[in-house]
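Student: one predicted model, sequence on top.
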Amino acid sequence: MTRLLGLGGVSAGPLGEDEKRSLTHIALPFFSYMTLLYIVNDMKWNPKVVVVLPAYHAEKTLEQTVKDIPPGSVDEIILVDDASQDRTVEIARSLNLIVERHPLNRGYGGNQKTCYKLALARGADIIVMLHPDYQYDPKLIPYFVAFIRDGYFDVMLGTRIRTRKEALDGGMPKYKYFANRILTFFENIVTGQNLSEWHTGMRAYRRNVLERIDFEKNSDDFVFDSQVLFQIIEHGFTIGEIPVPVRYFPEASSINFVRSLRYGLGTVWTALRYLARRIFGIRGRKG
Ligand SMILES: Nc1nc2c(ncn2[C@@H]2O[C@H](COP(=O)(O)OP(=O)(O)O)[C@@H](O)[C@H]2O)c(=O)[nH]1
Ligand SMILES: [Mg+2]
């Protein structure tokens, strides 16, 4: 062995006392430390990441959405089709997604219930919910996952609203923007949170969140999303936010004014029930 470790220079032959000491004092601790680092790194949590796509008439946008999910960033992709009358299921199968189909239309909340049940049954550790309408940027999925995997938050929300100009220039209809701001202000006051928006469609959950909250009790309609957030807060889970660029185009936004209004009123009702539980300790259906 070349005696590089020796203090007295490089020479061949048996090790001297100084060199033996260097070996035991420097080389051994160094290699033990490196081995330990390697083992700890290897033991780091390697969660099973499952993306769920609650789909309804998504034939035009599904492929693009799936293609933008960074390769290697997720383990499985599940699509639940809510009895669409277009080629959503056919395209999903051609993309090798795990596909489940509702024989009858159940609604957006009902669709998510199936999504989460399937993801949990398949052993998902982190579940990312993404609309297959190519509205939210799927390339950001690894950031959602990292915050949960590294223990910062239990739930991550993608926020579309940083400035009014950006949201409106991006194509968010004015009435949706203002309704979102007013509802979000109200929901923050009621819960003591400081979320920039409560109505995003891109979210990620740690497994135990979905196991603990009773999402099955929630509505089958859009208000499911609001009910889930109140349940999450009631259970004391932490929520983080990530800015997500969004696109608005006809296929990415199908909810009309009347459905939005119903969603808004349902959200206010959910918030009031939460408030009543907090103030009066009223027991009842959570959400
Ligand atoms: N399951 C189900 N999903 C629906 C229905 N209507 C819309 N969606 C889905 O709900 C999500 C949000 O709707 P969208 O129109 O994009 O809302 P917006 O982007 O907030 O204007 C989309 O992924 C739609 O595919 C429905 O009747 N049933
Ligand atoms: Mg949309």
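Tutor: Okay, I see it. The structure displayed is predicted, hence computed values, not measured ones. Ligands and ions are numbered 1, 2, ... in the order given.
Student: quickly note the distance from residue 208 to residue 223.
Tutor: Noted for residue 208: a distance of 24 Å to residue 223, by C-beta to C-beta, to the nearest Å. Using the backbone N, CA and C atoms, a C-beta is placed for each residue, glycine as well.
Student: neighbour count winner among the two?
Tutor: Using other C-beta atoms under 10 Å, the more surrounded residue of residue 208 and residue 223 is residue 223, with 23 against 12.
Student: my read: that one touches residue 266, true?
Tutor: Yes - shown here, residue 223 and residue 266 form a contact pair, counting by C-beta atoms under 8 Å, at 3.4 Å.
Student: for ligand 1, what are the nearby residues on the stretch 51-200 of the chain?
Tutor: For the stretch 51-200 of the chain, the residues in contact with ligand 1 (C-beta under 6 Å from any ligand atom) are 54, 56, 58, 82, 105, 107-108, 111, 131-133, 135.
Student: now do 5 Å
Tutor: Contact residues (C-beta under 5 Å from any ligand atom) of the stretch 51-200 of the chain with ligand 1: 56, 82, 108, 111, 131, 133.
Student: which residues touch stretch 196-204?
Tutor: 126-131, 135-136, 140-141, 144-145, 147-148, 155-162, 180, 183-184, 187-188, 225-226, 229, 241, 244, 267 (C-beta atoms under 8 Å, 6 or more residues apart in numbering).
Student: which parts of stretch 60-74 are buried?
Tutor: Applying a neighbour-count criterion of 16 or more other C-beta atoms under 10 Å, one finds 60-63, 65-66, 69, 73-74 buried in stretch 60-74.
Student: can you give me the helices in this structure?
Tutor: Under the criterion DSSP state H, the chain carries helices at the ranges 17-22, 28-43, 62-67, 88-94, 108-121, 141-149, 164-169, 174-191, 207-212, 224-234, 257-280.
Student: how far does stretch 128-142 stretch from start to finish?
Tutor: Across stretch 128-142, the terminal residues are separated by 10 Å (C-alpha to C-alpha, to the nearest Å).
Student: and stretch 102-115, by the same measure?
Tutor: Start to finish, the residues bounding stretch 102-115 are 11 Å apart (C-alpha to C-alpha).
Student: stretch 127-143 now?
Tutor: The stretch stretch 127-143 measures 13 Å between its terminal residues, going by C-alpha to C-alpha.
Student: hang on, the earlier thing: can you put the helices of the chain in a markdown table and add mean pLDDT?
Tutor: As requested, the helices of the chain are arranged in a markdown table below (pLDDT from 0 to 100):
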| stretch | mean pLDDT |
| --- | --- |
| helix 17-22 | 70 |
| helix 28-43 | 69 |
| helix 62-67 | 98 |
| helix 88-94 | 98 |
| helix 108-121 | 98 |
| helix 141-149 | 98 |
| helix 164-169 | 91 |
| helix 174-191 | 96 |
| helix 207-212 | 98 |
| helix 224-234 | 97 |
| helix 257-280 | 93 |
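Student: and the buried ones among the contacts of stretch 196-204, selectable in ChimeraX?
Tutor: A single ChimeraX command suffices to select whichever of the contacts of stretch 196-204 are buried according to 16+ other C-beta under 10 Å:
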select :126,127,128,129,130,131,135,136,140,141,144,145,147,148,155,156,157,158,159,160,161,180,183,184,187,225,226,229,241,244,267
